[in-house]
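sequence? don't have it. structure:
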């Protein structure tokens, strides 16, 4: 049975990329598109919006109606939009690539996952998730003798920092060391900060140009340094990962999953 999918944030850069991948991927079909009220793209045919022939799928701002007509929604939007969508995805697949969601929002998502099959991660790239698995292993093996720093760069328009991917990688390092990332996270340094605390996981953020995504995890020891890096060259790789996650979620019980589950990396 073909999986009917809708895209939230349908007319955005990521939304269009997701739509193209859904439209061309075997086993799923593009069946809906959601945009905010007042969007100039409301009513437009989604096929024409992504450079294809008409598909008979109109862009809508009616989340309840769109959700009721599909098997799942892929959602790379903003925290407020993602959280408002939760009430419409009961019994559905909800793939969440939205970043910048706070702890309270995460709690809402965890509650919603009791009745929906939710796959949420800071990055749907297959390569990034493999990197996270390697970071976790390296952190566990190298131990406290190596300081960990996460460096990330994105395009000038990105609105949250550190990136969801940087936090995913930082959490992988913390999990490898069996520590709480929140208690050992250093997000900024300015002025007379004093010496680095042993066990801290530092984050550095760069913004500029049209960079899709560049992440490096640095393990700095005495006299040596190990660097693990992932460079994203196209948004297509995130879209392919998200669609893979949606197809994987088909038939799964309600719950909160991530890409480690999808890829079998745990």
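On my side now, so go ahead. Because the structure is a prediction, the values reported are computed rather than measured.

switch to C-alpha atoms for all contacts and neighbour counts from now on
OK.

Need the contact partners of stretch 226-242.
14, 17-18, 21, 74, 95, 97, 123-128, 131, 135, 212-220 (Cα atoms under 8 Å, 6 or more residues apart in numbering).

So which of those sit within helices?
Under the assignment DSSP state H, those contribute 14, 17, 18, 21, 126, 127, 128, 131, 135 to helices.

Please produce CSV containing those residues, extended by neighbour count.
Formatted as CSV, those follow (neighbours: other Cα atoms under 10 Å):
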residue, neighbour count
14, 20
17, 22
18, 30
21, 20
126, 19
127, 17
128, 23
131, 20
135, 26
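
got CSV for those, with pLDDT too?
Formatted as CSV, the ones in helices among the contacts of stretch 226-242 follow (pLDDT from 0 to 100):
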residue, pLDDT
14, 93
17, 95
18, 97
21, 96
126, 90
127, 92
128, 93
131, 96
135, 97
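
Return the member of the residues you listed nearest to residue 48.
Minimum distance to residue 48 across the ones in helices among the contacts of stretch 226-242 is 13.3 Å, recorded for residue 17 (Cα to Cα).

Which stretches in the chain count as strands?
Ranges of strands within the chain are 3-8, 28-34, 59-60, 72-75, 93-96, 117-120, 147-154, 185-186, 201-207, 213-220, 225-232, 255-257, based on DSSP state E.

Against which helices or strands is the fourth one packed?
Right, strand 72-75. Judged by 3 or more Cα pairs under 8 Å, 6 or more residues apart in numbering; DSSP states H and E, strand 72-75 is in contact with strand 3-8, strand 93-96, helix 236-249.

hang on, the earlier thing: so for residue 43, which of the strands of the chain sits nearest?
Minimum separation from residue 43 across the strands of the chain (Cα to Cα) falls at strand 59-60, 5.0 Å.

which other residues reach that closest one?
Strand 59-60 is contacted by residues 10, 32, 33, 34, 35, 41, 42, 43, 44, 45, 46, 66 when judged by Cα under 8 Å, 6+ apart.

Pull out the buried positions in stretch 196-214.
199, 200, 201, 202, 203, 204, 205, 207, 211, 213, 214 (16 or more other Cα atoms under 10 Å).

do the same with stretch 243-258
243, 244, 245, 246, 247, 249, 250, 254, 255, 256, 257, 258.

Any idea how many residues pack against the spatially closest residue to the first one that is not a sequence neighbour?
Same thing as residue 243. Excluding the flanking residues, the one nearest residue 243 by Cα to Cα, 6 or more residues apart in numbering is residue 22, at 6.6 Å. Neighbourhood size, residue 22 [other Cα atoms under 10 Å]: 27.

got the contact list for residue 22?
5, 28, 29, 30, 243.

Would you agree the third one is in contact with residue 19?
No: Residue 29 is beyond contact range of residue 19, at 9.2 Å (criterion: Cα atoms under 8 Å).

Looking at these two, which has the bigger crowd around it?
More crowded of residue 29 and residue 19, by other Cα under 10 Å: residue 19, with 29 against 18.
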